[in-house]
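# how would this look folded up:
(one chain, ligands or ions: 1)
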Amino acid sequence: MTTTALETVAHWIGGERVHDASRYGEVTDPADGAVTRRVAFASTADVDRTVAAALAGFETWSAQSLTRRSNVLFRFRELVAAHAVDLARVITAEHGKTVDDARGEVQRGLEVVEFACGAAHLLKGEASESVATGVDSHSLRQPIGVSVGITPFNFPAMVPMWMFPLALACGNAFILKPSEKDPSASLLMAGWLAEAGLPDGAFNVLHGDRETVEALLRHPGVASVSFVGSTPVAKSIYEIATTHGKRVQALGGAKNHAVVMPDADVEIAADAIASAAYGSAGQRCMAISAVVAVGPAGDELAHALEARVDAIQMGPGADEGTQMGPLVTGAARDRVTSAIAAGVGEGAELRRDGRGREVPGHEEGFWVGPTLFDRVTPEMSIYRDEVFGPVLVLLRADTFEAALELVNGNPYGNGAAIFTTDGRTAREFEHRVQAGMVGVNVPIPVPMAYYSFGGWKQSLFGDLHVHGREGVLFYTRGKVVTERWPEQARGADYGFPAHR
Ligand code: NAD
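Numbers count the residues shown, from 1 in each chain. Below you'll find the model as predicted:
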């Protein structure tokens, strides 16, 4: 089948679908390997046109009252909730994750929409009466203009929803550049925002690759850039966009650790860790990819994890009973199998090997079965590098201190979890671990929408995390007003005004 015969995933610019492009990408069905759609890639001229539409949308939208803005978001919330299964199926068809998992991501995204519906509360300023005689002060938080969001393939609905609901609630216009691997969810959301009453141009979708992204980062009409993706790209986005005067938050990759203490219930820990490591085929930024077993916990945990791995049902995400789908592309599968080969080459003990696994009837799918390494050491690439696949590595440490040192020595700092029944150890971990999101007997500690999401170290470039209060700060800028209403002229005063 040639790509020209395929349906095209269009841009959404100024309230209209735009199909034309000089370049296109291919979208595949990960369970069958077949190309199912093509996606238009935006040129520099498309970027110019989109930013112009967004600037016009910003004029209209930022002038609307807080109540009207939250009404639009309420309606959007209802539309997404009513179509959650349709959206989940579209995600499954392009990403490969199970429909249940995709519904979960829609739900987590909706929680941010719900939070954004109440953003008016967080946009309130402060006021002080009589800061000097007859002088009052108050502060405002105002929108920043056109916000760009560049998002990864692994959560095509939730990660955009970390960004645009709050950006819009704060009065900004938004341009979403979704992953070219699973672009269709963004178009559904654009349609529902329009149906909810969002003015044309306030939300736009532009598909593309590096060329499109870099044109957005350099565009003088863009005020801020929110990025979520891999660390090398996050770092480069941060550098280019800040050089061009944008406000930037760039969330990068991860190597999330779980420390299992000897006092932990091994069965509980193994269930939690296996779910967090192999769910969505390990393609979650908060997936557990490294377990540090302390002292005697190691052998028992290794056996308990093997039992879970052996029971995982791998298959197409759309099939009932599937627990783990394929990887998103053939390139992702090849990258993960090479990482496994490197781990073997470096001497790690391969307890379960997911390479070469096939699913009957879906031989062309991008499969890698759940993989478990033991006796991994910190210098091995299978530990150092983010694999972003169903590969879990088990390391051993003699003491809690040694385990903590290992976790804190890792360059990433997204999430970290501890499994223990001892409150004092948990508290110590919580206080000293270098990670932005911490779980105590919780393997994937993704904060609720009213807290902020983000990591430390190589997992975040920029100062502010996404959603929650920090999201409101990111999408607004502050202004302080000092006012006096004098009754009569008081004469010029050439000294620096002191508030008395
Ligand atoms: P990616 O970095 O390849 O792509 C992310 C986005 O950037 C996509 O829209 C892509 O089109 C664009 N892009 C890719 N290369 C680019 C380049 N050279 N210049 C400009 N833009 C470019 O990431 P991915 O493979 O889509 O997603 C997986 C990665 O995202 C993993 O590393 C994962 O840990 C990370 N992630 C992190 C978080 C977090 O919260 N920290 C959340 C989700 C995913």
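
# does residue 454 touch residue 435 like I think?
No - using Cβ atoms under 8 Å, residue 454 is not in contact with residue 435; the gap is 10.3 Å. C-beta here means a position set from N, CA and C on the backbone, and glycine is covered the same way.

# and residue 379, which of the three is it?
Classification of residue 379 using DSSP: H, G, I helix; E, B strand; the rest coil returns coil.

# residue contacts, residue 14?
Contacts for residue 14 (Cβ atoms under 8 Å, 6 or more residues apart in numbering) come out as 49-50, 53, 56-57, 200-201, 204.

# of those residues - the most surrounded one?
residue 50 (30 neighbours; other Cβ atoms under 10 Å).

# any idea how far the helix or strand hosting it is from the chain center?
Using DSSP states H and E, residue 50 sits within helix 44-62. Centre-to-centre, helix 44-62 and its host chain are 24 Å apart (Cα atoms, centre = their mean, to the nearest Å).

# contacts for that helix, please.
Identification of contacts with helix 44-62 by Cβ under 8 Å, 6+ apart yields 11, 13-15, 18, 21, 42, 69, 143, 145-146, 168, 171-175, 198-204, 206, 211-212, 215-216, 219, 221-222.

# and residue 478, backbone torsions?
phi -90, psi 150 (degrees, to the nearest 10).

# so which elements touch the helix or strand where residue 257 lies?
Element membership of residue 257, judged by DSSP H and E, is strand 256-260. If contacts are counted by 3 or more Cβ pairs under 8 Å, 6 or more residues apart in numbering; DSSP states H and E, strand 256-260 sits against helix 266-278, strand 288-294, helix 400-409, strand 415-419.

# I'd like the ones you listed laid out as JSON lines, including distance to residue 329, mean neighbour count and mean pLDDT.
Formatted as JSON lines, those follow (distance: least, Cβ to Cβ, whole Å; neighbours: other Cβ atoms under 10 Å; pLDDT from 0 to 100):
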{"stretch": "helix 266-278", "distance to residue 329": "19", "mean neighbour count": "21", "mean pLDDT": "98"}
{"stretch": "strand 288-294", "distance to residue 329": "19", "mean neighbour count": "27", "mean pLDDT": "98"}
{"stretch": "helix 400-409", "distance to residue 329": "30", "mean neighbour count": "18", "mean pLDDT": "98"}
{"stretch": "strand 415-419", "distance to residue 329": "25", "mean neighbour count": "30", "mean pLDDT": "98"}
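
# in CSV: these, plus distance to the ligand.
Formatted as CSV, those follow (distance: least, Cβ to the nearest ligand atom, whole Å):
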stretch, distance to the ligand
helix 266-278, 14
strand 288-294, 10
helix 400-409, 17
strand 415-419, 9
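
# out of the ones you listed, the one nearest residue 78 is which?
When the helices and strands packed on strand 256-260 are compared by Cβ to Cβ, helix 266-278 sits nearest residue 78, at 30.7 Å.

# near the ligand, which residues of the stretch 251-400 of the chain?
Residues of the stretch 251-400 of the chain found near the ligand (Cβ under 6 Å from any ligand atom) are 251-254, 285, 386, 388.

# likewise for the stretch 401-500 of the chain?
414, 455, 459.

# drop anything exposed from those residues.
Among these, the ones that count as buried by 16 or more other Cβ atoms under 10 Å are 414, 455, 459.

# quick one on the thing from earlier: also near the ligand: which of the contacts of residue 14, exactly?
Okay, of the contacts of residue 14, nothing touches the ligand (Cβ under 6 Å from any ligand atom).

# switch those over to a markdown table; also include pLDDT.
A markdown table is the format used below for the contacts of residue 14 (pLDDT from 0 to 100):
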| residue | pLDDT |
| --- | --- |
| 49 | 98 |
| 50 | 98 |
| 53 | 98 |
| 56 | 98 |
| 57 | 98 |
| 200 | 98 |
| 201 | 98 |
| 204 | 99 |
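
# which residues of the stretch 401-500 of the chain score low on pLDDT?
For the stretch 401-500 of the chain, the stretches with pLDDT under 70 are 499-500.

# what are the boundaries of the helices in it?
423-432, 468-474 (DSSP state H, counting those that start in this stretch).

# over to the stretch 1-150 of the chain?
Here the stretch 1-150 of the chain has its helices, by DSSP H, counting those that start in this stretch, at 44-62, 66-82, 84-95, 99-117, 119-122.

# also the stretch 201-350 of the chain?
210-218, 231-243, 266-278, 297-311, 330-345.

# most tightly packed of the ones you listed?
Comparing the helices of the stretch 201-350 of the chain by mean neighbour count (mean count of other Cβ atoms under 10 Å), helix 266-278 comes out on top with a mean of 21.

# relative to helix 297-311, how tilted is it?
60 degrees (axes from the mean of the first three to the mean of the last three Cα atoms, to 10 degrees).
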